[in-house]
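K.L.:
quick one: sequence plus predicted model below, questions after.
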Amino acid sequence: MDSAASYDPQALRDRAAQLIANVRELSQLGWTPATSSNFSARLDAGHAAITVSGRDKGRLVEDDIMVVDFDGRAVGSAHRPSAETLLHTQLYRRFDDVGCILHTHSRHQTVASRLFAGPGHVRLEGYELLKAFRGNETHETAIDVPVLPNSQHMPTLAAQVDALLDRGPMWGYLIDGHGLYAWGRDMAEARRHLEAFDFLLGCELEIRRLAVAR
Ligand SMILES: CSC[C@@H](O)[C@@H](O)C(=O)COP(=O)(O)O
Ligand SMILES: [Zn+2]
């Protein structure tokens, strides 16, 4: 146990229940294969609830959710937080209005990350579902989903994410050969963003498949 618990235990129970229920649904979609993926929710101005590293995300129980501070240190738990905790805490630290972060490894996300690693982004343009992203009110817009090179060194990835965030608001990014990070003010918004990204990436892949087959 690294530091004394200083969060509201009822808030942790509430966030854990919400994470468990939502992650089970995402897992049933096949988006969390082989224990991959990680998930978190803000507890307060200095703590987040996050999945314990290596747990089967389709079968999470309360013991699989732990608390970290925004330096990524375990709070009130002897478990090891997600190996990618820094990619969560950097967002909570930087944006007061980020309340939930969802990282998945769906097939659409992984294949798209490989296909678009060269250009370094996937352009999503002209889709009605672009209105699912906070701030978009029309399909007559485009967003470029960044694709970062993968790394096991989280500070390297986090620095690349910070540089992207300096350029303006965004709701997610891909990591090459890896998966997608998406976030929002709360679980509902983060899920809407995650599902919109996954659906639209699937559309882009399908369009290319059909073009090749023509
Ligand atoms: C099981 S391989 C996937 C991991 O390396 C990682 O990318 C991941 O998403 C889950 O890591 P975790 O430490 O369980 O949060
Ligand atoms: Zn991952």
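P.N.:
Sure, I can see it. Ligands and ions are numbered 1, 2, ... in the order given.

K.L.:
which non-adjacent residue is nearest Trp171?
P.N.:
In space, and not counting its chain neighbours, Trp171 is closest to His193: 4.5 Å by Cβ to Cβ, 6 or more residues apart in numbering. Just so you know, the C-beta spots here come from the backbone N, C-alpha and C atoms, and that holds for glycine as well.

K.L.:
next, count neighbours for that neighbour.
P.N.:
Number of residues near His193 (other Cβ atoms under 10 Å) recorded here: 22.

K.L.:
how about the residues of the protein near ligand 1?
P.N.:
By the rule Cβ under 6 Å from any ligand atom, the part of the chain lying against ligand 1 is Ala34, Thr35, Ser36, Ser37, Asn38, Thr51, Ser53, Gly54, Ser82, Ala83, Glu84, His103.

K.L.:
show me what contacts the fourth one?
P.N.:
By Cβ atoms under 8 Å, 6 or more residues apart in numbering, the contact set of Ser37 is Val23, Leu26, Ser27, Trp31, Thr51, Lys57, His103, Thr104, His105, Gly179.

K.L.:
try it again with 7 Å
P.N.:
Listed by Cβ atoms under 7 Å, 6 or more residues apart in numbering, the contact set of Ser37 reads Trp31, Lys57, His103, Thr104, His105, Gly179.

K.L.:
make CSV out of these and add pLDDT.
P.N.:
Supplementary listing: the contacts of Ser37 in CSV, determined by pLDDT from 0 to 100:
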residue, pLDDT
Trp31, 98
Lys57, 98
His103, 99
Thr104, 99
His105, 98
Gly179, 98
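
K.L.:
farthest-apart pair in those, please.
P.N.:
Of all pairs drawn from these, the greatest distance, 11.8 Å, lies between Lys57 and Gly179 (Cβ to Cβ).

K.L.:
of these two, who's got more company?
P.N.:
With neighbours defined as other Cβ under 10 Å, Lys57 and Gly179 compare such that Lys57 has more, 26 against 23.

K.L.:
just give the nearest non-adjacent residue to that one, would you?
P.N.:
Thr32 (4.0 Å).

K.L.:
I'd like the distance between the one you found and Leu102.
P.N.:
Here the criterion is Cβ to Cβ, to the nearest Å. By it, Thr32 lies 10 Å from Leu102.
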